[in-house]
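Asks: sequence unknown, structure follows:
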């Protein structure tokens, strides 16, 4: 998948990040993970063995002058997922020479030239054809996503990694649609025990279609004609097994459990409550993406500070568990009644 978004061929299709979003599982995975950008983010620092939450630097509070902070963070995740990278132009610096704001730019605007394995300084970056140095030496902010390659200063998106599987899924859906809409298989056959010439066949077909068009009345057939309807099992005509298997494969490239995007596979794990499922998603799927995002934001913070997203909204307790936790907090003095 080239950086300009022209795409790469898989099966008989040309797959671009935008075209891949037509695959229902790709769309679901990208949106679920990108929604991590809606979580709050705070700055903290270590004081001995303790952790102290401090006032967040500008890059966490208001990372852009053009879009809301939650939208900015979501677009960064979207860049990781669709293109493998997020890019932006540094719009301001603080007294520590750390960015105060970064305006995100489309990855299609960024081109990179260099030899794999060459030192980073030997790579040439351009934005809309104009050479620019990456931060901290220049204004171009480059944030690689979760998947990277040795010797290459840009990341790989899950879409690129799953290119063949996505192409197979889209091709199967297209073929399934053509089965019905393009007349891949006739709905019925009129058979006769007599010889029928081509002209007679056309006449018989036309008269039969006219006789049954928009009517629920029985048709009367002569010339030894027999009407045989062609039926196809739903699972065969819609390739349900193929599509389900493909959906499960694509989901795994995003670290997403297939059942979370509506795919039932053999051996799927079910959880007794919302909390258990949320914890499973957090540890297996969301944690790697969050950790990658937090590391990028920490590098932008004032030296000594670290960025951390708030995951409380991800792990919502059921009523019984929440009541017990609240009661324990009151009894142990962690929180008082007003705070609860």
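Replies: It's in. Because the structure is a prediction, the values reported are computed rather than measured. Numbering: from 1, shown residues only.

Asks: and after the top strand by length along the chain, which helix or strand comes next?
Replies: Criterion DSSP state E: the longest strand present in the chain is strand 85-93. Downstream of strand 85-93, the next assigned helix or strand under DSSP states H and E is strand 99-105.

Asks: so what strands line up beside that following strand?
Replies: strand 85-93 (antiparallel) (DSSP bridges).

Asks: how about the partner strand: buried residues?
Replies: Residues 85-91 are the ones in strand 85-93 that count as buried (16 or more other C-beta atoms under 10 Å). Glycine gets a C-beta too; all of them are placed from N, C-alpha and C.

Asks: Distance from that strand to the middle of the chain?
Replies: 23 Å (C-alpha atoms, centre = their mean, to the nearest Å).

Asks: for the chain, where's the lowest mean pLDDT among helices and strands?
Replies: strand 8-10 (a mean of 47; mean pLDDT, DSSP states H and E).

Asks: Where does the prediction get shaky in the stretch 201-340 of the chain?
Replies: 214-223, 229-240, 264-277, 313-319 (pLDDT under 70).

Asks: need the helices for it, in chain order.
Replies: Along the stretch 201-340 of the chain, counting by DSSP state H, counting those that start in this stretch, helices occupy 234-237, 240-253, 274-281, 287-300, 319-332.

Asks: Now render these as CSV, adding distance to residue 188 and mean neighbour count.
Replies: Formatted as CSV, those follow (distance: least, C-beta to C-beta, whole Å; neighbours: other C-beta atoms under 10 Å):
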stretch, distance to residue 188, mean neighbour count
helix 234-237, 15, 12
helix 240-253, 24, 19
helix 274-281, 48, 16
helix 287-300, 52, 17
helix 319-332, 57, 12
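
Asks: Tell me which of the ones you listed sits nearest to residue 158.
Replies: Closest to residue 158 of the helices of the stretch 201-340 of the chain, according to C-beta to C-beta: helix 240-253, at 4.5 Å.

Asks: can you list the residues that contact that closest one?
Replies: 23-26, 29, 158, 161-162, 165-166, 168-169, 172-173, 176, 234-235, 257-258, 260-265 (C-beta atoms under 8 Å, 6 or more residues apart in numbering).

Asks: Filter those down to just the buried residues.
Replies: Judged by 16+ other C-beta under 10 Å, buried ones among the contacts of helix 240-253: 23-26, 29, 158, 162, 165-166, 168-169, 172-173, 176, 257-258, 260-261, 263.

Asks: Next step: those restricted to helices.
Replies: Counting by DSSP state H, those place 24-26, 29, 158, 165-166, 168-169, 172-173, 176 in helices.

Asks: Report how many residues lie close to the closest residue in space to residue 156 that isn't next to it in sequence.
Replies: In space, and not counting its chain neighbours, residue 156 is closest to residue 147: 4.3 Å by C-beta to C-beta, 6 or more residues apart in numbering. Per other C-beta atoms under 10 Å, the neighbour tally for residue 147 reads 16.
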